[in-house]
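Engineer: Would you be able to build a 3D model of this:
(2 chains)
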Amino acid sequence: MNLPQTEFPMKANLPQREPEMLKFWADIDLYKAIRSVSKGKPKFILHDGPPYANGDIHAGTAMNKILKDIIVKYKTMAGFDSPYVPGWDCHGQPIEHNVEKQLGEKAKTISQVDFRKLCQDYAMRYVDIQREQFMRLGVSGDWFDPYLTLKHEYEATNVKTFGELYKRGLVYKRRKPIHWCVKDQTALAEAEIEYKDEVSPSIYVKFPLKSEFEPVKTFDEPKFIVIWTTTPWTLPANVAVAVHPEADYVAIKTAGEILIFAEARLEVVATETGIADYEVVAKFKGADMEFLKCEHPLFSEKESVVVLADYVGLDTGTGAVHTAPGHGQEDYLTGLKYDLPAPMPVDAAGHFTKEAGQFAGMYIIKANKAIIEYLKEKNLLSYDTEITHSYPCCWRCKNPVVFRATEQWFISMDIDDLRKEALKSIADVRWIPDWSIRRINSMVEGRPDWCISRQRSWGVPIPVFYCGDCQEDVVTEETIKSVVELFMKDGADAWFDKSAEEILPQGYTCPKCSGKKFVKETDILDVWFESGVSHEGVLKTREELKWPADIYVEGSDQHRGWFQSSLMTSVGVYHRAPYDAVLTHGFVVDKDGRKMSKSLGNVVNPLDVIEKSGADILRLWVASSDYTVDVAISPDILKHVGDAYRRIRNTFRFMIGNLFDYNPETDAVAYDQFLELDKWALHQMTQLLKTVTASYESYRFHGMYHTVYNFFTNELSSLYLDILKDRLYASAAGSRERRAAQTVLFEMLQVFTGMLAPVLAFTCEEAWSYLPEAVRKTSSVHLSEWPVLNEDYLDAELATRWDKILKIRDEASKALEEARNAKLIGNSLEARVELYVDGATKELLEQYEPQLAQMFIVSSIDVHSFDAAPEDAFKSDTIEALAIKVFAARGSKCERCWRYEDTVGESPEHRGLCARCAGVLAGA
RNA sequence: GGGCCUAUAGCUCAGUUGGUUAGAGCGCACCCCUGAUAAGGGUGAGGUGGCUGGUUCGACUCCAGCUAGGCCCA
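Structural biologist: Okay, here's the model as predicted:
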């Protein structure tokens, strides 16, 4: 008997084995080895989007990197030189924030340069941590020479690109409101804001209507539009009153005046302002009021215009919203739409400036009272109380935060048609899945100008100088060049270290006024700008890469993020997208489709999965899921993946075990010497390889997974391999039929380890190492080439014939099951089967009659006419004119092959054996 | 509130341009085997196709609304 023998363990023990494999890859320097065998092949560049260097990886980042790795590994095997240079986003507010928290009180006294050093240490610490975690996933790449946004050359790239965009005229400066803490006198990011309950004034203010307004023109009484606000101190900056275009508004007549506000607020406003007697004298739409002019309630010489805005709500207030573009995000956007000024009468410390007239010098919160008093005096205040509401506060000092317009840098979307050009470039990119293009299109169409400045320390400075004399911005090719050179050499730190004169070329003078003194810009660039120039800083910079990239692969949130920032910087400078294709994936969610969160208790940590089950389980999970939508993960789902993994692993093990005595160089059997079933198997395998290759090519990995897995289950385990057992175990070791089976198994093992290597990176490597060394052309499966599709294995005619026979086999299984339930047989070898068929089917079966028993794994099969079928025979539901009758097998059980044979006992030397087995032993 | 997307058996997925009893594998149940053995084989039971309307001779497939969920805005 030739039973399988192998050291390939059934139990994967991936948590222990994978690290050994990683060590092996490190020992042979797999990444470099791949580069050297790929040299000269066409390039396929997947450009990595840089994760943020903060915290551990999570299921989302793990999935992202695994997807990328599957693509890169596939492309590499498929004949491309596909270097993968991972990157990290190292600057930005979260790191700065964390460092600041760690510093505590010391944060206030530390120098900017020292602070930046701490931020760098922080970022590098997490680069190290994440690098190790990503590598542990089996992702191969240039891990020890990644791109980092904090590297000198990379920092210089930002300056270079900024210079190009500036030169094209796309960069400009404008006021925009940002969160501002007047106590700490600093800008705050969204994440630095905490919401607390605060008590604020709640007032209705009457804006005297100056324009003639048709619906109320017959009335002589003074007319007012009534607004509601909880921040009286923002009134000095008022320039408009916003109303909802579709909402109904009313004019009411009361006590010698006409008041205008939303109909829906009539009762509440009347009650709160104590108006008992009134009459609705007119009704109209908000849209009717557009462009009406009001007198500014505080400064009678100024005007406030009525504008339309969809965000105006009717649940609170009056349906008429006080609008100060300098003090609010929505107000700001409305201001842009109507081209309104954005006065900012509040200084950095929260005091009114001269612009605020009689309130100049007052601290804004205290000014509330003065403003209310003033309004009362002018009889423009109709309600005055207090309200407790949730209000944004500074994370550091806990004081209320204000919106305050400050000068910011922008990239214009419409100067020189950047937006149009971007939209045109989008059309030239392949977006996967195809709805992705709709999303990016609508976002680019609708996005406002890109605000690229931040009032921060940890980042790349905006390379602008201001002339000390004429105050003009100075950005020229010369200044850009000097900053680029400086950053290349000393990094962006030098900006904070050196004076403007030290940075600029010696004797540099202002192009406008020839001034010699300069001041540096203190703002830094938005980190999205930084990552957005990676195509320049990485693709164009590194020799092994190319520009544009073949593909970018990120989560769908990057339509607003990296896909777009990369597009804009690329279109802005090179007039085309930096990628030929963009593939997006969904987010990782729990089994119910909910986002993972601590409070829901549904977080799956990839590091735990690796530790418990192994990275290949995670990789298989990624491959099994349809990433175009959100991807679910849960302990239960991972358990199912684990089950599937074991099936694949055991199939490998079975193949390996049965090849223990097979030497491909001497034992291989030629195709024409194969049994027909072997040819059928190779045909099926070849078809599978076609399908699988097509799936990889179209990035449909889950389709690939299901196809392969079904093949393992249906074609292999339950069919081909099951039938093969008799041949492998009982035939003479060197017999043609056994060697033929081994030849097929060997071929299959190579094909399957190859086609699954991009996914099961560790397990396929492990299985690969069990191939006979003589045929292993490469030390690692990841150095091998994509399995060759052998057209000679295709035989459609033979496949059709055998598919018919195998369908009958399925029916026989049902008949056997009935016999088993009737206790007639146990093992199918205990059965003798009679098939009753007609016509072409009969001819077919008769042609193969001697082989059928082996194919059906029973002891014997006879074919008869359908007419001869006994009454109680099994009748097929699916195949016409097919009846099957199962009997207990004749003869005795062969001790060796377990088949029931009349010939058992015939051989005097081997009393317990059938003729075949006796013959095998006699020959041995 | 807006844009894009998703909703088919317990799980992961298929379902060609609307057309006969909606498929696969896993899991589950039961059975067999004990020479892939913490394996392997067989049979079988599981679906109001998120919900509600509409178009149509006919819809899982088209349309509208709703619900739940995701990403991004506001």
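
Engineer: Just the buried residues of the lengthiest strand in chain A, please?
Structural biologist: Among the elements of chain A assigned as strand by DSSP state E, the one spanning the most residues is strand A:193-208. Applying a neighbour-count criterion of 16 or more other C-beta atoms under 10 Å, the buried positions in strand A:193-208 are A:Ile193, A:Ser200, A:Pro201, A:Ser202, A:Ile203, A:Tyr204, A:Val205, A:Lys206, A:Phe207, A:Pro208. To be clear about C-beta, it is placed using only N, CA and C from the backbone, and glycine gets the same treatment.

Engineer: Up against RNA strand B, what does the stretch 551-700 of chain A have?
Structural biologist: Proximity of the stretch 551-700 of chain A to RNA strand B is assessed by C-beta under 7 Å from any atom of the strand, with A:555-557, A:559-560, A:586-587, A:589, A:591, A:593-595, A:624-626, A:629-632, A:636-637, A:640, A:643-644, A:646-647, A:650-651, A:653-654, A:657 identified as the residues in range.

Engineer: Tell me the buried residues within the residues you listed.
Structural biologist: Those of those that meet the buried threshold are A:555-556, A:559, A:586-587, A:589, A:624-625, A:630-632, A:637, A:644, A:650-651, A:653-654, A:657, by 16+ other C-beta under 10 Å.

Engineer: what's the helix or strand for the nearest residue to A:Val401 once chain neighbours are set aside?
Structural biologist: When the adjacent residues along the chain are set aside, A:Val401 lies closest to A:Pro392, with 4.5 Å between them (C-beta to C-beta, 6 or more residues apart in numbering). In this structure, A:Pro392 sits in strand A:381-394 according to DSSP states H and E.

Engineer: For the residue positioned nearest the centre of chain A, what are phi and psi?
Structural biologist: Among the residues of chain A, the one closest to the centroid is A:Gly555, at 2.1 Å (C-alpha atoms, centre = their mean). Here the main-chain torsion angles of A:Gly555 (degrees, to the nearest 10) amount to phi -70, psi 160.

Engineer: A:Asp473 too?
Structural biologist: Backbone torsions of A:Asp473, given as degrees, to the nearest 10, read phi -70, psi 140.

Engineer: same question, the one 10 residues further on
Structural biologist: With angles defined as degrees, to the nearest 10, A:Val483 sits at phi -70, psi -40.

Engineer: So the nearest residue to A:Val306 once chain neighbours are set aside versus RNA strand B, what's the distance?
Structural biologist: Counting by C-beta to C-beta, 6+ apart, A:Val306 lies nearest to A:Leu292, which is 4.2 Å off, once chain neighbours are set aside. Counting by C-beta to the nearest atom of the strand, to the nearest Å, the gap from A:Leu292 to RNA strand B is 24 Å.

Engineer: ok now stretch A:233-247, how far from the chain's centre?
Structural biologist: What separates the centre of stretch A:233-247 from the centre of its chain is 40 Å, taken as C-alpha atoms, centre = their mean, to the nearest Å.

Engineer: Now it: average pLDDT?
Structural biologist: Here the mean pLDDT over stretch A:233-247 is 89, rounded to a whole number.

Engineer: now check that stretch, is it near RNA strand B?
Structural biologist: No. Under the criterion of C-beta under 7 Å from any atom of the strand, RNA strand B is not reached by stretch A:233-247; the shortest gap measures 11.1 Å.

Engineer: quick check, A:Phe887 in a strand?
Structural biologist: Yes. Checked against DSSP: H, G, I helix; E, B strand; the rest coil, A:Phe887 lies within a strand.

Engineer: Tell me where the stretch 801-924 of chain A has helices.
Structural biologist: In the stretch 801-924 of chain A, the segments counted as helices under DSSP state H, counting those that start in this stretch are A:839-847, A:849-856, A:915-923.

Engineer: now the stretch 401-550 of chain A
Structural biologist: With DSSP H, counting those that start in this stretch, the ranges of helices along the stretch 401-550 of chain A come out as A:418-427, A:436-446, A:477-490, A:493-497, A:500-503, A:527-532, A:534.

Engineer: Buried residues, the third one. List them.
Structural biologist: Judged by neighbour count (16+ other C-beta under 10 Å), helix A:477-490 contains these buried residues: A:Thr479, A:Ile480, A:Ser482, A:Val483, A:Val484, A:Leu486, A:Phe487, A:Met488.

Engineer: for those, which one is nearest RNA strand B?
Structural biologist: Minimum distance to RNA strand B across those is 28.3 Å, recorded for A:Phe487 (C-beta to the nearest atom of the strand).

Engineer: show me the contacts for the closest one.
Structural biologist: With contact set as C-beta atoms under 8 Å, 6 or more residues apart in numbering, A:Phe487 has these partners: A:His152, A:Glu155, A:Ala156, A:Val159, A:Val460, A:Ala494, A:Trp495.

Engineer: where does chain A dip in pLDDT?
Structural biologist: Per-residue confidence of chain A (counting by pLDDT under 70) places the weak regions at A:924.

Engineer: In helices, which of the buried ones among the residues of the stretch 551-700 of chain A next to RNA strand B appear?
Structural biologist: Residues from those lying in helices, with DSSP state H as the criterion: A:Ser624, A:Ile637, A:Ala644, A:Asn650, A:Thr651, A:Arg653, A:Phe654, A:Gly657.

Engineer: So the last one versus A:Phe8, what's the distance?
Structural biologist: Which is A:Gly657. Separation of A:Gly657 from A:Phe8 (C-beta to C-beta, to the nearest Å): 7 Å.

Engineer: Show me whatever sits in contact with both of these two.
Structural biologist: Where contact means C-beta under 8 Å, 6+ apart, no residue is in contact with each of A:Gly657 and A:Phe8.

Engineer: Tell me which residues are up against the regular element (helix or strand) spanning A:Phe134.
Structural biologist: A:Phe134 is located in helix A:112-136, with elements delineated by DSSP H and E. Helix A:112-136 is touched from outside by A:18-19, A:22, A:51, A:53-57, A:61, A:65, A:86, A:88, A:90-91, A:95-96, A:98-99, A:102-103, A:107, A:110, A:141, A:143, A:146, A:148, A:150, A:457-458, A:493, A:496-497, A:606-607, A:610, A:615, with contacts defined as C-beta under 8 Å, 6+ apart.

Engineer: Only the buried members of these: can you turn that into a PyMOL selection?
Structural biologist: To isolate the buried ones among the contacts of helix A:112-136 in PyMOL, judged by 16+ other C-beta under 10 Å, type:
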select buried, chain A and resi 18+22+51+53+54+57+61+65+86+88+90+91+95+96+98+99+141+143+146+148+150+457+458+493+496+497+606+607+610+615
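
Engineer: Please tell me I have it right and A:Asp661 contacts A:Ala733.
Structural biologist: Yes. The pair A:Asp661 and A:Ala733 qualifies as a contact (C-beta atoms under 8 Å) at a distance of 6.2 Å.

Engineer: ok, A:Val641 - contacts?
Structural biologist: Contacts for A:Val641 (C-beta under 8 Å, 6+ apart) come out as A:Ile617, A:Leu620, A:Trp621, A:Ser624.

Engineer: Let's see that with 6 Å instead.
Structural biologist: With contact set as C-beta atoms under 6 Å, 6 or more residues apart in numbering, A:Val641 has these partners: A:Ile617, A:Leu620, A:Trp621.

Engineer: Compute the number of surrounding residues for the residue nearest to it when sequence neighbours are not counted.
Structural biologist: Among residues not flanking A:Val641 along the chain, A:Trp621 sits closest, at 4.6 Å (C-beta to C-beta, 6+ apart). The number of residues packed near A:Trp621 is 29, by other C-beta atoms under 10 Å.

Engineer: Which strand or helix spans A:Trp621?
Structural biologist: A:Trp621 is part of helix A:615-624, with elements assigned from DSSP H and E.

Engineer: Which other helices and strands does that helix contact?
Structural biologist: Under the contact criterion of 3 or more C-beta pairs under 6 Å, 6 or more residues apart in numbering; DSSP states H and E, helix A:615-624 touches helix A:59-77, helix A:635-657, helix A:701-710.
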